[in-house]
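In: The following comprises the amino acid sequence and a computationally predicted model.
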Amino acid sequence: MNAPTAGAVPAPTLAARLARLLPTRLVAATARAVYPRFEPELARLADLCPAGCGTAVDVGGWYGPWTRRLSRRANEVVAVEPVPHLARLLAAGAPANVRIVQAAAADRPGTARLWFPADDSGDRGVSSLVRRDIHAHALHVSCVTLDQLGLRDVGFIKVDVDGSELAVLRGATGLLSRDRPALFVELESRIQPIAPVVTYLSLLRYDGWVLPGDTWVPLSSFPLEEHQKGAAHVVTQGLLGRVLPFRRHPRYVNSVLFLPDGRRPGGSAMGDDGAHALRQAPR
């Protein structure tokens, strides 16, 4: 998501300022269309979500770039989104096999405060249950665990929650042990330490993989925190700055594919969603 550099409270990016002037549905449709440039792993969805997937889960649905594409691969998609107007937006245009849960995924049911920057109500994609220096106001939201949703035959879970990843995974421990789904988790050391999530999943026999170029490499051989520090300036460019074709910048890796029991990422060819987004990582 379009998150700022830790230690500073940035002004809204150009994309965020323009979005205020346009209809929300147009902004959402545009974001979904260009998102594979911003998050190239989405263009490799066949590597992430297995063919014939029963249920896919999108934790942190936002405008739906993952939800929409997952609906083409899975029999059912469950999108968990706590921001009320975003949950309504997802539901309004959802395919028939998509179910929207308006709540925050956590490690226990109940209510919690969802934090936003002063000038934002959720559209910038940096809301979180974990308050940071960029956050100024909060909304009380319902919390659910993935284990309590009654999901069956889960093959894939994407988690983008800006800091509460470990709580989401703890709330899905039963599901992870039973169905052994692939996990795609956003991890950024500037927001929260990465090691607790990696350690927790390793105890469940999950290994991490990252995509710094056009080939998946084991997380164990990729210095993710060091890489993120070196490419941190990319984050401040926001969504628009990172998808414009004439803007060249280093690849910023902030998501990890976790696969269980020695599985490896699929070797499928690039799809039509965004092969242009994958460039060789700088050496």
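Out: Everything's here; your move. Numbering: from 1, shown residues only.

In: surely Ala232 meets Arg190?
Out: Yes: if you go by Cβ atoms under 8 Å, Ala232 and Arg190 touch, sitting 6.7 Å apart. (Glycine included, C-beta is placed from N, CA and C.)

In: and stretch 147-162, average pLDDT?
Out: Averaged over stretch 147-162, pLDDT sits at 97.

In: Would you mark the buried spots in it?
Out: For stretch 147-162, a neighbour-count test (16 or more other Cβ atoms under 10 Å) marks Asp147, Leu149, Leu151, Val154, Gly155, Phe156, Ile157, Lys158, Val159, Asp160, Val161, Asp162 as buried.

In: Among those, which ones are in strands?
Out: Val154, Gly155, Phe156, Ile157, Lys158, Val159 (DSSP state E).

In: hmm, which two among the residues you listed are most spread apart?
Out: Maximum pairwise distance among those (Cβ to Cβ): 14.7 Å, between Gly155 and Val159.

In: Check the burial of the nearest residue to Thr145 once chain neighbours are set aside by counting its neighbours.
Out: Leaving aside its chain neighbours, Thr145 sits nearest to Gly171 (3.3 Å; criterion: Cβ to Cβ, 6 or more residues apart in numbering). Neighbouring residues of Gly171 were enumerated by other Cβ atoms under 10 Å; the total is 23.

In: now Ala51
Out: Around Ala51 there are 10 other residues, counting by other Cβ under 10 Å.

In: Need the nearest residue in space to it, chain neighbours excluded.
Out: Nearest residue to Ala51, sequence neighbours excluded (Cβ to Cβ, 6+ apart): Arg73, at 7.2 Å.

In: what's the answer for Ile100, then?
Out: Computed as Cβ to Cβ, 6+ apart, the closest residue to Ile100 that is not its neighbour in sequence is Ala91, at 4.4 Å.

In: Can you show me the helices along the stretch 101-250 of the chain?
Out: Counting by DSSP state H, counting those that start in this stretch, the stretch 101-250 of the chain has helices at residues 165-170, 173-179, 195-203, 224-230, 238-243.

In: Would you mind finding the most buried of those?
Out: When the helices of the stretch 101-250 of the chain are scored by mean count of other Cβ atoms under 10 Å, the highest mean neighbour count falls to helix 165-170 (a mean of 23).
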